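Trainee: sequence unknown, structure follows:
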């Protein structure tokens with residue numbers, strides 16, 4: 001059976017969580033795997049979502065991006081304890097457009113913009129070296145806008161499946177799986 005729209009359901013769940021959680025509800029776990037299938041997971045902030053997918057922004061030389069270049073599939077997991085909802089999203093990853101990355105970068109706080117230039121994300125570094133790099137970058141952009149570095153941008157996870165997990169009594173949780181087909185999403189319930 002075809003279900004209406006799991007992205008709309010996500011938007012409703014996200015907004016309910018935003019009203020009740022004490023932390024940033026955009027926080028989610030991002031799982032990737034390298035070409036050998038070795039997994040890696042970290043927490044990120046999902047910054048945008050729409051019918052196309054879920055966007056995160058990062059240094060494009062980071063470990064997670066290197067892994068996604070080798071194996072262009074990833075998974076996101078959200079958990080909002082106040083609403084008893086978990087959402088798991090799996091799919092293919094593609095780069096955001098330059099226009100999308102430029103627009104988001106321009107909206108970031110200046111300190112975050114400078115930090116993006118200063119940090120060689122996932123590379124070994126000392127605190128002193130990181131601070132020296134930040135001082136150099138701050139001087140370079142003093143008195144002017146911070147442009148987006150070419151090595152920084154967005155990645156969009158295109159969902160092939162989205163699972164909503166709703167907490168229920170006696171561990172009889174409600175799990176609804178949406179799977180993408182050429183004609184939209186189909187849905188089924190999964191045993192808890």
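Mentor: On my side now, so go ahead. Remember, predicted model here, so these are calculated numbers, not experimental data. Residues are numbered from 1 along each chain as shown.
Trainee: mean confidence for stretch 77-95?
Mentor: Average pLDDT, stretch 77-95: 97.
Trainee: repeat for stretch 104-113
Mentor: 96.
Trainee: report the distance from that stretch to the chain centre.
Mentor: Distance of stretch 104-113 from the chain centroid (CA atoms, centre = their mean, to the nearest Å) equals 17 Å.
Trainee: what does it rub up against?
Mentor: 47-48, 55, 57, 116, 145-146, 148, 152, 154 (CB atoms under 8 Å, 6 or more residues apart in numbering). No exception for glycine: its C-beta is placed from N, CA and C like everyone else's.
Trainee: among the residues you listed, which are in strands?
Mentor: Among the contacts of stretch 104-113, the ones falling in strands (DSSP state E) are 48, 55, 57, 152, 154.
Trainee: circling back: tell me which of the contacts of stretch 104-113 is nearest to residue 101?
Mentor: Closest to residue 101 out of the contacts of stretch 104-113 is residue 154 (4.8 Å), distances taken as CB to CB.
Trainee: next, give phi and psi for the residue nearest to that closest one when sequence neighbours are not counted.
Mentor: Counting by CB to CB, 6 or more residues apart in numbering, residue 154 lies nearest to residue 96, which is 3.0 Å off, once chain neighbours are set aside. Dihedral pair for residue 96: phi -70, psi 160, per degrees, to the nearest 10.
Trainee: who are the packing partners of the least confident helix or strand in the chain by mean pLDDT?
Mentor: Least confident helix or strand, the chain: strand 184-190 with a mean of 93, by mean pLDDT, DSSP states H and E. Judged by 3 or more CB pairs under 8 Å, 6 or more residues apart in numbering; DSSP states H and E, strand 184-190 is in contact with strand 174-181.
Trainee: how about the strand it packs on: buried residues?
Mentor: Neighbour counts over strand 174-181 (16 or more other CB atoms under 10 Å) mark 175-179 as buried.
Trainee: try stretch 145-162
Mentor: Buried residues in stretch 145-162 (16+ other CB under 10 Å): 146, 148, 152-159, 162.
Trainee: reformat the residues you listed as CSV; add pLDDT.
Mentor: Formatted as CSV, these follow (pLDDT from 0 to 100):
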residue, pLDDT
146, 97
148, 97
152, 96
153, 97
154, 96
155, 97
156, 98
157, 98
158, 98
159, 98
162, 98
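Trainee: what separation do you get for residue 129 and residue 59?
Mentor: Going from residue 129 to residue 59 by CB to CB, to the nearest Å gives 16 Å.
Trainee: now residue 185
Mentor: Counting by CB to CB, the separation of residue 185 from residue 59 is 32 Å.
Trainee: for residue 113, same thing?
Mentor: 13 Å.
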